[in-house]
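Trainee: I would like to see how this sequence folds:
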Amino acid sequence: MHDQHFDNLSIRFAKKIYGSNKGAIRLAVLQADLNEVLPKRQLRVLDIGAGLGHMALWLAEQGHQVTLVEPALSMLEAAQQRFTEAGCQAQFIHADWQSFTQQAEQKYDLVLCHAVLEWLAEQSQILAAMHRLTTADGWLSLAFYNKDGLILQNLIKGNLRKLSQQRFTGDAGGLTPQQPLDPRELAAQVEPLWHIQQRSGIRVFHDYMPPQFRQKIAAPELVSTELSYRRHPALAGLGRYLHWLCQPRAIAVD
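Mentor: Modelled structure (predicted):
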């Protein structure tokens, strides 16, 4: 399995995610979590796999110095257009994470890695690379597609044969992530490098609601209710995506 990029899917991706309540909830949770921990000063921000630049633009609008790294040129160009329309500046780098991190020397106060890990063939190397690029008191904002949420969704739909065969991998070239992540397995990879300081669920109930009920609720109420339940002890871990805020551990160098 190879890392998957999004050149030909960017428009579909934008419409499917950010043209819906799903995208609004994702952004609301990520922004609320970051607002709780980020220091009130200008930060150097790195957005790896920045996509269409929604989070990067939100941070740039607050005065932070933002660098966007994205391997899909069409998505990077769309992000540049969004920044231009908003009158904001940023550095835009067309590269995959491997090429960028091998050459990068600057350290960042905040590294964003949102909806990236589930598209990679292997996660441990990018976790180590991001650790190297994060300041000692900096933050990693890590959001990923949750295998537990996918299991629950399939149970609700009665896809028991699919579950018994452990068929979770999305088709290459589609919009279903290649590799949903088991949060316990991922934590085992993260924790040698990072302290996981805060965990939230993204869409802890929205995706499980029958459409006829979901359609009766106004978007602002859906978003505000998701925010209020994002750390509920029984529900947070069932979010379709999980958001972890992490700080780097000091690693001894031989």
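Trainee: show me where this structure has helices.
Mentor: 10-13, 21-37, 54-60, 73-86, 97-103, 124-132, 147-157, 160-164, 183-190, 211-214, 219-229 (DSSP state H).
Trainee: now the longest strand seen in the chain, how far from the chain's geometric center?
Mentor: The single longest strand within the chain, with elements called by DSSP state E, is strand 134-145. Offset of strand 134-145 from its chain centre (C-alpha atoms, centre = their mean, to the nearest Å): 11 Å.
Trainee: For this protein, name the helix or strand with the lowest mean pLDDT.
Mentor: The weakest-scoring helix or strand in the chain, judged by mean pLDDT, DSSP states H and E, is helix 10-13 (a mean of 62).
Trainee: tell me, how many neighbours does the spatially closest residue to Ala104 that is not a sequence neighbour end up with?
Mentor: Of all residues not flanking Ala104 in the chain, Leu133 sits nearest, at 5.8 Å (C-beta to C-beta, 6 or more residues apart in numbering). Yep, even glycine has a C-beta here, placed from its N, CA and C like the rest. A count of nearby residues for Leu133, using other C-beta atoms under 10 Å, gives 20.
Trainee: heads up, I number from 50, so please use that
Mentor: In the new numbering, first residue 50, that becomes Leu182.
Trainee: how far away is Leu95 from Phe254?
Mentor: 32 Å (C-beta to C-beta, to the nearest Å).
Trainee: List the contacts of the longest strand of the chain.
Mentor: Residues outside strand 183-194 that contact it (C-beta atoms under 8 Å, 6 or more residues apart in numbering) are 75, 79, 82-83, 86-87, 156-167, 179-180, 226, 229-230, 235, 239, 243, 251, 289-297, 299.
Trainee: Out of those, which end up buried?
Mentor: 75, 79, 82-83, 87, 157-167, 179-180, 226, 229-230, 235, 239, 243, 251, 289-297 (16 or more other C-beta atoms under 10 Å).
Trainee: and those, which of them are in strands?
Mentor: 157-163, 243, 251, 290-297.
Trainee: Please verify my assumption that Leu235 contacts Leu166.
Mentor: Yes: with contacts counted by C-beta atoms under 8 Å, Leu235 reaches Leu166, the gap being 7.4 Å.
Trainee: which neighbours do the two share?
Mentor: By C-beta under 8 Å, 6+ apart, the residues touching both Leu235 and Leu166 are 172, 193.
Trainee: before we move on, the earlier item: got the angle between the longest strand of the chain and helix 173-181?
Mentor: Angle, strand 183-194 to helix 173-181, by axes from the mean of the first three to the mean of the last three C-alpha atoms, to 10 degrees: 140 degrees.
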